[in-house]
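Peer 1: with the input below, show me the fold.
(one chain, ligands or ions: 1)
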Amino acid sequence: MHRLARRVNVIGISKIEESLRIIEQHPEIISLGAGEPDFPAPPNVISAAEKFLERGYTHYSPLQGRRELREALVEKLKKENKIDANENEILITCGSKEAILLSVLTLINPKEEVITPNPGYIGYRPIIELIEGKAISLRLREEDNFEYHAEKLEKMVTKKTRLIIVNTPSNPTGTVFKRKTLEEIAEIAVDKDLMILSDEAYEKLVYDNSKHTSMASLNGMEKYVITTQTFSKTFAMCGFRVGYAVATEDIIKEMKEFKLCTTISAPTFSQLAAIEALNHSKKYVERMRKEYDRRRKMLIKRLNQLSNISCIKPQGAFYAFPNVTGLKMSSDKVADFLIRKAKVVTVPGTEFGKYGEGFLRLSYATAYGKLETAIDRIEKAIGKI
Ligand SMILES: Cc1ncc(COP(=O)(O)O)c(C=O)c1O
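Peer 2: Model prediction:
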């Protein structure tokens, strides 16, 4: 055995990885575990990428990302997010995941605290712990619709708190934060002089009458917020690896320096194809959103018809987060049971932090027919308990 650094222990084996192995061995299993769109990237984006590769865009890009893309994003941010940023306030990254990593590297010293949603996206905690910061769990409760509770949030702020992570629409709960909640969080950040990392990976996936509000669009918040967005979910371009961070120039400048230690640049042809996505893929995006919405309605209705399971209607992303406490088993056990007896993969809520106990995450980035079969099988299996 080699002698390895202690930090290898920060990242445990995730259940999701284990499930992927099982799925490979058992093709009859239906996976509702996916965290990425089941749609291919828009055809015009694929053609654009091919064209750029043929034309020889096979080299590095500048550390900050290609200027054409940053210019296109200035317009997008202004029009769609009401964020006023110039191209020096945008950094192109390899997916928004890298933007999150660079944000934490730039803002957090060892022992400093980051308030992190729990249950929340599994990507935050390991990054914070790798740099020996402290991820402080903000417990999200079903009765609050998994939104932040301002009073509780405020009580968690200590002298060591530096950053609050906000993820709306949320993974894994599908919650879209109300503008009022965001205003309350903003007030706390200003009052205590804290930064906010606003992870908006699912910004375009909102349903019913919900609206996505960008934290940085709130009055006077630009200098308190690093916004991270991505082409992965909106445009089904996960494999292109293009995301970005938006913040004040001094922060972006430092984040850019760290890019020398990470990826240097997002793939050049992907950055150029991303401009095509921004300019010419609106209809495709809307078609995907409508299909997610159709699946969401069916899935939530069916889940609520199951005995001992209930599910609040998520307003965003592509996840349902049903409460399975009525089954009188831990989330882990329910997920194992469903793999064995229903041949359906779900993700136990505890994968997203200990306060995810009692819940499962089901992804409806899964074809409608498959999703129906999966829920039929779950119904049958649960009926036999
Ligand atoms: C909430 C959230 N943020 C960020 C990401 C990172 O995605 P990407 O790096 O592809 O932009 C994901 C991916 O699943 C996510 O769910």
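Peer 1: near the ligand, which residues of this structure are found?
Peer 2: Taking C-beta under 6 Å from any ligand atom as the criterion, the chain approaches the ligand at residues 35, 95-97, 121, 123, 167, 171, 199, 201, 230, 232, 238, 243. Where you see a C-beta, it was placed from the backbone N, CA and C, and this is true even at glycine.
Peer 1: would you mind giving the residues you listed as a markdown table with secondary structure and pLDDT added?
Peer 2: Converted to a markdown table, the residues of the chain next to the ligand look like this (DSSP: H, G, I helix; E, B strand; the rest coil; pLDDT from 0 to 100):
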| residue | secondary structure | pLDDT |
| --- | --- | --- |
| G35 | coil | 91 |
| G95 | helix | 98 |
| S96 | helix | 98 |
| K97 | helix | 98 |
| Y121 | coil | 98 |
| G123 | coil | 96 |
| N167 | strand | 98 |
| N171 | coil | 98 |
| D199 | strand | 99 |
| A201 | coil | 98 |
| T230 | strand | 98 |
| S232 | coil | 98 |
| C238 | helix | 98 |
| G243 | strand | 98 |
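Peer 1: got a winner among those for most neighbours?
Peer 2: D199 (30 neighbours; other C-beta atoms under 10 Å).
Peer 1: and the residue lying closest to that residue once chain neighbours are set aside, how far from H26?
Peer 2: Spatially, and ignoring its direct neighbours in sequence, D199 is nearest to N167 (4.2 Å; C-beta to C-beta, 6 or more residues apart in numbering). Note on N167: its distance to H26, by C-beta to C-beta, to the nearest Å, is 32 Å.
Peer 1: ok and the residue in this protein nearest the ligand?
Peer 2: G95 (2.4 Å; C-beta to the nearest ligand atom).
Peer 1: didn't that residue look like it was pressed against G239?
Peer 2: No: look at G95 against G239 with C-beta atoms under 8 Å: they stay out of range, at 9.6 Å.
Peer 1: farthest-apart pair in the residues of the chain next to the ligand, please.
Peer 2: Checked with C-beta to C-beta, these reach their widest spread between N167 and C238, with 17.1 Å between them.
Peer 1: report the backbone C-alpha coordinates of the top helix by length along the chain in CSV.
Peer 2: With DSSP state H setting the assignment, residue counts place helix 282-305 as the longest helix in the chain. Extracted in CSV, the C-alpha atoms of helix 282-305 (Å, rounded to 0.1, in the frame of the first residue of the first chain):
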residue,chain,number,x,y,z
LYS,A,282,-34.1,28.7,-26.8
LYS,A,283,-36.7,26.5,-28.5
TYR,A,284,-34.8,23.3,-27.8
VAL,A,285,-34.4,24.3,-24.1
GLU,A,286,-38.1,25.1,-23.8
ARG,A,287,-39.0,21.7,-25.3
MET,A,288,-36.8,19.9,-22.7
ARG,A,289,-38.3,22.0,-19.9
LYS,A,290,-41.8,21.1,-21.0
GLU,A,291,-41.0,17.4,-21.1
TYR,A,292,-39.4,17.6,-17.6
ASP,A,293,-42.5,19.3,-16.4
ARG,A,294,-44.8,16.6,-17.9
ARG,A,295,-42.7,13.9,-16.2
ARG,A,296,-42.7,15.9,-12.9
LYS,A,297,-46.5,16.1,-12.8
MET,A,298,-46.9,12.4,-13.4
LEU,A,299,-44.1,11.3,-11.0
ILE,A,300,-45.3,13.5,-8.1
LYS,A,301,-48.9,12.4,-8.6
ARG,A,302,-47.9,8.7,-8.6
LEU,A,303,-45.6,9.1,-5.6
ASN,A,304,-48.3,10.6,-3.5
GLN,A,305,-50.6,7.7,-4.4
